[in-house]
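> My questions concern the predicted model and sequence given below.
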Amino acid sequence: MMGSNGQPANAGGAMGSGAMHPATELHYTLPADWKTEKPASSMRLAQASIPGKGGEGQLAIFYFGPGQGGTVDANIKRWENEIKPAPGTTPKTESFQVGSLKVTWVDASGTLMPSQMGMGPKQPQSGYRLFGAVVEGAGGPWFLKAIGPSATLEAQRQAWLDMLHNLSIG
């Protein structure tokens, strides 16, 4: 992830039994115009704003420890349920390999529904889009979620995919 200082950032690390254990870190680079923010919750490993003509979107990255956070299918379904599809649309899911990482991601658009998970509106918001990705690999999984106005995320879709296709672990 590139912050305002231009230095890459990592996502990873694990705590267990009161002692720090070595863990594989997920390395990623934010698109140039996305801005690193202080995470709004202790559950978030990292956070960024996503600029766009439709209004600002937000990226959150989550890591709960090796093997934690639920299955790929459960997370994809949960994200799909956060968006009531626009007429004539259905969420699209895709998987691909990036080195030793398996990335499964979903693209859903429609009305963003209120969420109990802290990343969503208090009232339904029409014209929204959600990109969610589960990244499986040694030390993972990691969860990346971007939400925002459809016009903003549509314009940032290739930047999102480029970020996912350039993930690595170390």
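Yep, it's here.

> okay, now the residue lying closest to Gly57 once chain neighbours are set aside: neighbour count?
Using Cβ to Cβ, 6 or more residues apart in numbering and skipping residues adjacent in sequence, the residue nearest Gly57 is Gly148, 2.1 Å away. Quick note: C-beta positions are derived from backbone N, CA and C, even for glycine. Using other Cβ atoms under 10 Å, Gly148 is surrounded by 27 other residues.

> Check for me that Gly148 belongs to a helix.
No. Applying DSSP: H, G, I helix; E, B strand; the rest coil, one finds Gly148 to be strand, outside a helix.

> for the chain, what spans make up the helices?
With DSSP state H as the criterion, the chain has helices at 72-82, 150-165.

> And for the shortest one, what's in contact with it?
Around helix 72-82, the neighbours that count as contacts under Cβ atoms under 8 Å, 6 or more residues apart in numbering are 69-70, 91, 93, 104, 106, 108, 112-113, 115, 120, 130, 132, 134, 136, 141, 143, 145, 147.

> Could you tell me which of these belong to strands?
When DSSP state E defines the strands, the subset of the contacts of helix 72-82 inside them is Thr93, Thr104, Val106, Ala108, Leu112, Leu130, Gly132, Val134, Glu136, Phe143, Lys145, Ile147.

> would you list these in CSV and tack on neighbour count, pLDDT and distance to Gly170?
Listed next are those as CSV, based on neighbours: other Cβ atoms under 10 Å; pLDDT from 0 to 100; distance: Cβ to Cβ, whole Å:
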residue, neighbour count, pLDDT, distance to Gly170
Thr93, 17, 97, 27
Thr104, 18, 98, 21
Val106, 21, 98, 26
Ala108, 25, 96, 31
Leu112, 25, 93, 34
Leu130, 24, 96, 29
Gly132, 24, 98, 24
Val134, 26, 98, 19
Glu136, 15, 96, 16
Phe143, 22, 97, 19
Lys145, 22, 96, 23
Ile147, 26, 95, 28
